[in-house]
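Chemist: I would like the atomic coordinates for the input below:
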Amino acid sequence: MQAPTIGGVSVPRGDGSTVIRVRRGSSLTDFADKINANPASLVTVLFHLGEMATATQSLDEDTFKLLGAELGYDVQVVSPEDEEKELFASFNIDLDYEEEDEDHLAARPPVVTVMGHVDHGKTKLLDAIRSANVIATEAGGITQHIGAYQIVTEHEGVERAITFIDTPGHEAFTAMRARGAKVTDIAILVVAADDGVMPQTIEALNHAQAADVPIVVAVNKIDKEGANPAKIRQQLTEYNLVAEEYGGDTMFVDVSAREKLNIDGLLEAVLLTADAALDLRANPDTDARGVAIEANLDRGRGATATVLVQQGTLHVGDAIVAGSAHGRVRAMLDEHGNALAEAPPSRPVQVLGLSSVPRAGDSFVVAPDDRTARQIAERREAADRQAALAKARKRISLEDLNEALAAGKVETLNLILKGDVSGSVEALEDALLQIDVGDEVDLRIIDRGVGAITLNNINLAMASNAIILGFNVRAEGQNAEVADREGVEIRYYSVIYQAIEDIEAALKGMLKPEFEEVSVGSAEIREIFRSSKFGNIAGSIVRSGEIRRGARARILRRGVVIGENVEIVGLRRFKDDVTEVREGYECGINLGSFNDLQLEDTIETYEMREKPRV
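Modeler: Modelled structure (predicted):
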């Protein structure tokens with residue numbers, strides 16, 4: 001290696017093929033350690049490349065690639081999947097369990113996600129399947145949490161289990177629904193027979209097709225007036241879902257969730273699709289692995305997570321890691337609240353005993369012991385924190401810096417999100433960050449979490465002038481009093497789109513007002529009077545609108561502006577001072593120190609009015 005001088009500093013250089021692997025969110029200091037360089041030297045190099053960063057600041061992949069190209073290194077940022085494998089490999093835990101020995105594999109139940117447009121009857125359909133009324137507990141009549149349930153049905157004389165995942169249908173839950181498609185084997189696409197294919201129907205369909213998941217279409221509400229199941233089949237052919245009766249391979253089942261019509265036919269279609277299109281097997285005799293579908297903070301039970309076991313069998317007493325949370329499985333409950341001793345593949349269970357609340361979608365793994373579980377969780381948390389810092393960093397080049405400074409301070413709205421379950425918090429964050437009101441206002445989510453609004457949240461809001469959004473959670477007792485006393489604004493919501501609308505309105509309110517010029521009136525000069533006391537007085541007739549005393553005016557001569565921003569100092573009708581003169585009337589106009597007047601000049605008055613934001 002040679003040590004070239006860049007910007008007056010010496011930096012070790014690679015030969016162009018030297019590979020340097022860095023983790024997501026690494027800093028210049030981390031990179032400097034790998035190439036045996038001084039971090040301050042790398043700061044200088046970046047500066048000369050038009051990038052500004054401190055030695056300890058997390059950098060994104062583009063910045064590392066730029067730096068690597070300059071110094072002769074092939075910088076590779078480790079992907080989250082590779083990072084996860086490397087992390088577990090360091091603890092002798094192998095995540096590559098897909099290639100299992102055929103002898104150890106056993107059949108497992110299919111995992112089914114119910115998808116579709118809002119209000120097309122997804123939750124009603126699940127109610128009909130498992131005879132439980134979930135919708136009564138949902139605010140605004142829409143499902144805002146992910147639930148997982150297992151039912152047993154008879155198929156060809158054999159008792160067969162099916163696991164259902166209910167994903168919310170509102171558009172704000174795109175992130176959650178996408179995750180639902182990733183953990184599922186089969187998607188039931190619910191379409192209302194009286195409504196047809198809607199935007200979220202297409203979106204759900206895209207998620208399922210992108211995840212390469214077989215689809216069964218449930219044409220719901222066939223009992224309603226105006227229902228047209230044939231129209232649904234025709235509409236969905238445009239999206240490559242061709243019904244079997246039309247020569248395709250997609251099963252369409254006409255159902256009525258409200259009247260519980262043909263529910264057995266739908267379950268049969270799911271099992272037939274699973275048997276025909278999928279080889280659903282897993283090894284039940286290995287350590288459990290899977291995904292956290294939902295998580296929340298229960299006042300009596302502490303941190304709880306609904307997990308779906310994808311491989312192996314989860315037992316009470318196992319040490320597990322779920323995202324950055326860890327713990328020992330103290331108890332497992334099924335969807336009815338009954339205690340379970342073990343959970344085989346495809347079984348959703350609620351797990352108690354975690355140290356903190358994992359995020360919805362975090363993978364969970366059984367660790368050899370509590371100590372290993374804690375170390376893995378801590379490493380994951382550190383990696384997540386670094387990745388978040390890298391993602392949050394806004395890159396700015398030297399060319400942009402002057403423009404940003406010249407434009408003045410960017411207005412920022414800081415938010416702290418708290419919710420009852422992590423899926424809702426994630427969906428709310430995702431929806432809020434998509435609000436676009438231009439470059440003048442910046443939205444930052446500085447903290448998010450699950451559970452009641454705590455004193456720490458309020459203190460952070462005080463320090464950063466943030467607003468706290470509580471989604472199905474509240475600040476109680478002393479915390480509410482502190483927030484009230486310190487003037488911290490807390491807004492409570494139970495329906496997600498109300499929160500989105502309020503924040504969008506707040507962001508628009510922070511925008512600097514835009515003004516437009518509105519013409520008020522114009523007058524033509526007919527005669528000019530000289531006054532030793534007032535200067536020139538323009539004897540005029542008002543041609544349009546009205547002329548007001550104190551108004552701003554411009555003077556036009558044959559269509560050319562000869563005077564701008566002139567104030568109408570005095571206004572008279574005959575010998576009386578007046579405040580305004582309307583169209584068709586004559587008046588005397590005093591323009592103060594502006595005396596360059598000629599006959600037939602036009603005095604045009606205007607005012608600046610604030611434009612409403614759209």
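Chemist: tell me which residues of the helix or strand harbouring residue 607 are tucked away?
Modeler: If you go by DSSP states H and E, residue 607 is part of strand 602-611. For strand 602-611, burial by neighbour count (16 or more other Cβ atoms under 10 Å) applies to 602-606. Glycine gets a C-beta too; all of them are placed from N, C-alpha and C.
Chemist: so, if you compare the residues you listed, which one comes nearest to residue 412?
Modeler: For the buried residues of strand 602-611, the minimum distance to residue 412 (Cβ to Cβ) is 34.5 Å, reached by residue 606.
Chemist: Beta-bridge partners for that closest one, please?
Modeler: The bridge-partner assignment for residue 606, based on DSSP bridges, gives residue 519, residue 552.
Chemist: who's in contact with it?
Modeler: Residue 606 makes contact with 517-520, 551-554, according to Cβ atoms under 8 Å, 6 or more residues apart in numbering.
Chemist: Please determine how far it is located from residue 556.
Modeler: In this view, residue 606 and residue 556 are 12 Å apart by Cβ to Cβ, to the nearest Å.
Chemist: all strands for the stretch 301-450 of the chain, in order.
Modeler: 302-311, 314-315, 319-322, 325-333, 339-340, 342-343, 348-354, 363-367, 411-419, 441-450 (DSSP state E, counting those that start in this stretch).
Chemist: any low-confidence regions in the stretch 51-200 of the chain?
Modeler: The stretch 51-200 of the chain contains residues with pLDDT under 70 at 79-84, 94-101, 131-146, 166-182.
Chemist: Please read the previous query as pertaining to the stretch 301-450 of the chain.
Modeler: By pLDDT under 70, the weakly predicted segments of the stretch 301-450 of the chain are 386-411, 437-441.
Chemist: Make JSON lines from the strands of the stretch 301-450 of the chain and add mean neighbour count to it.
Modeler: Supplementary listing: the strands of the stretch 301-450 of the chain in JSON lines, determined by neighbours: other Cβ atoms under 10 Å:
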{"stretch": "strand 302-311", "mean neighbour count": "23"}
{"stretch": "strand 314-315", "mean neighbour count": "20"}
{"stretch": "strand 319-322", "mean neighbour count": "27"}
{"stretch": "strand 325-333", "mean neighbour count": "20"}
{"stretch": "strand 339-340", "mean neighbour count": "14"}
{"stretch": "strand 342-343", "mean neighbour count": "20"}
{"stretch": "strand 348-354", "mean neighbour count": "24"}
{"stretch": "strand 363-367", "mean neighbour count": "22"}
{"stretch": "strand 411-419", "mean neighbour count": "21"}
{"stretch": "strand 441-450", "mean neighbour count": "18"}
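Chemist: May I see those arranged in a markdown table, with distance to residue 279 as well?
Modeler: Output for the strands of the stretch 301-450 of the chain, formatted as a markdown table (distance: least, Cβ to Cβ, whole Å):
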| stretch | distance to residue 279 |
| --- | --- |
| strand 302-311 | 14 |
| strand 314-315 | 23 |
| strand 319-322 | 27 |
| strand 325-333 | 27 |
| strand 339-340 | 27 |
| strand 342-343 | 22 |
| strand 348-354 | 21 |
| strand 363-367 | 22 |
| strand 411-419 | 38 |
| strand 441-450 | 37 |
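Chemist: what's the closest of those to residue 267?
Modeler: Using Cβ to Cβ, the nearest of those to residue 267 is strand 348-354, at 17.2 Å.
Chemist: Could you check the angle that closest one makes with strand 325-333?
Modeler: Here strand 348-354 points in a direction 130 degrees away from that of strand 325-333 (axes from the mean of the first three to the mean of the last three Cα atoms, to 10 degrees).
Chemist: Can you list the strands that strand 348-354 pairs with?
Modeler: Strand pairing for strand 348-354, using DSSP bridges, gives strand 302-311 (antiparallel), strand 325-333 (antiparallel).
Chemist: Residue 285: neighbouring residues, count only.
Modeler: If you count neighbours by other Cβ atoms under 10 Å, residue 285 ends up with 12.
Chemist: What distance do you get for it to residue 346?
Modeler: 15 Å.
Chemist: repeat for residue 533
Modeler: Taken as Cβ to Cβ, the spacing of residue 533 relative to residue 346 amounts to 97 Å.
Chemist: out of those two, which sits in the busier spot?
Modeler: In this comparison of residue 533 against residue 346, neighbours counted by other Cβ under 10 Å, the higher total goes to residue 346 at 22 against 5.
Chemist: Got the phi and psi for the more buried one?
Modeler: Residue 346 adopts backbone torsions of phi 70, psi 10, taken as degrees, to the nearest 10.
Chemist: Please apply the same query to residue 278.
Modeler: Backbone geometry at residue 278, expressed as degrees, to the nearest 10, gives phi -130, psi 150.
Chemist: can I assume it is in contact with residue 109?
Modeler: No - Residue 278 is not in contact with residue 109 according to Cβ atoms under 8 Å; the separation is 11.3 Å.
Chemist: who's more crowded, these two?
Modeler: More neighbours sit around residue 109 than around the other of residue 278 and residue 109, counting by other Cβ under 10 Å; the figures are 21 against 13.
Chemist: Report the contact partners of the more buried one.
Modeler: Residue 109 makes contact with 150, 160-163, 280, 346-347 under the criterion Cβ under 8 Å, 6+ apart.
Chemist: ok, now how distant is it from residue 160?
Modeler: Look at residue 109 and residue 160: by Cβ to Cβ, they are 7 Å apart.
Chemist: Same question for residue 478.
Modeler: 53 Å.
Chemist: what angle separates the host helix or strand of residue 165 from strand 302-311?
Modeler: Using DSSP H and E, the secondary-structure element containing residue 165 is strand 158-166. Orientation of strand 158-166 against strand 302-311 (the same axes, to 10 degrees) gives an angle of 130 degrees.
Chemist: so what secondary structure elements neighbour strand 158-166?
Modeler: Counting by 3 or more Cβ pairs under 8 Å, 6 or more residues apart in numbering; DSSP states H and E, the packing neighbours recorded for strand 158-166 are strand 111-116, helix 122-130, strand 147-155, helix 263-277.
Chemist: hmm, who's touching the shortest one?
Modeler: Applying Cβ under 8 Å, 6+ apart, the contact partners of strand 111-116 are 122, 125-126, 162-167, 169, 177, 180-181, 183-191, 200-201, 204-205, 207-208, 213, 270, 308, 346.
Chemist: which residues touch residue 515?
Modeler: 608-611.
Chemist: before we move on, what about residue 474?
Modeler: For residue 474, the contact set (Cβ under 8 Å, 6+ apart) comprises 452-453, 480, 492.
Chemist: what kind of secondary structure is residue 14 in?
Modeler: Taking DSSP: H, G, I helix; E, B strand; the rest coil as the rule, one finds residue 14 in the coil state.
Chemist: Excluding sequence neighbours, find me the nearest residue to it.
Modeler: Computed as Cβ to Cβ, 6 or more residues apart in numbering, the closest residue to residue 14 that is not its neighbour in sequence is residue 72, at 3.7 Å.
Chemist: if we can go back for a sec, single out the most deeply packed of the helices and strands packed on strand 158-166.
Modeler: strand 111-116 (a mean of 27; mean count of other Cβ atoms under 10 Å).
Chemist: Just checking: what are the partner strands of it?
Modeler: Applying DSSP bridges, strand 111-116 is found paired with strand 158-166 (parallel), strand 186-192 (parallel).
Chemist: angle of that strand against strand 147-155?
Modeler: For strand 111-116 and strand 147-155, the angle between their directions (the same axes, to 10 degrees) works out to 110 degrees.
Chemist: Taking helix 263-277 as reference, get the angle to strand 111-116.
Modeler: Here the directions of strand 111-116 and helix 263-277 differ by 120 degrees (the same axes, to 10 degrees).
Chemist: Can you show me the CA trace of strand 111-116 as CSV?
Modeler: Listed next in CSV are the C-alpha coordinates belonging to strand 111-116 (Å, rounded to 0.1, in the frame of the first residue of the first chain):
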residue,chain,number,x,y,z
VAL,A,111,-50.4,-20.1,7.0
VAL,A,112,-53.1,-18.0,5.4
THR,A,113,-53.2,-14.2,5.2
VAL,A,114,-56.6,-12.5,4.6
MET,A,115,-56.1,-9.4,2.4
GLY,A,116,-58.3,-7.0,0.5
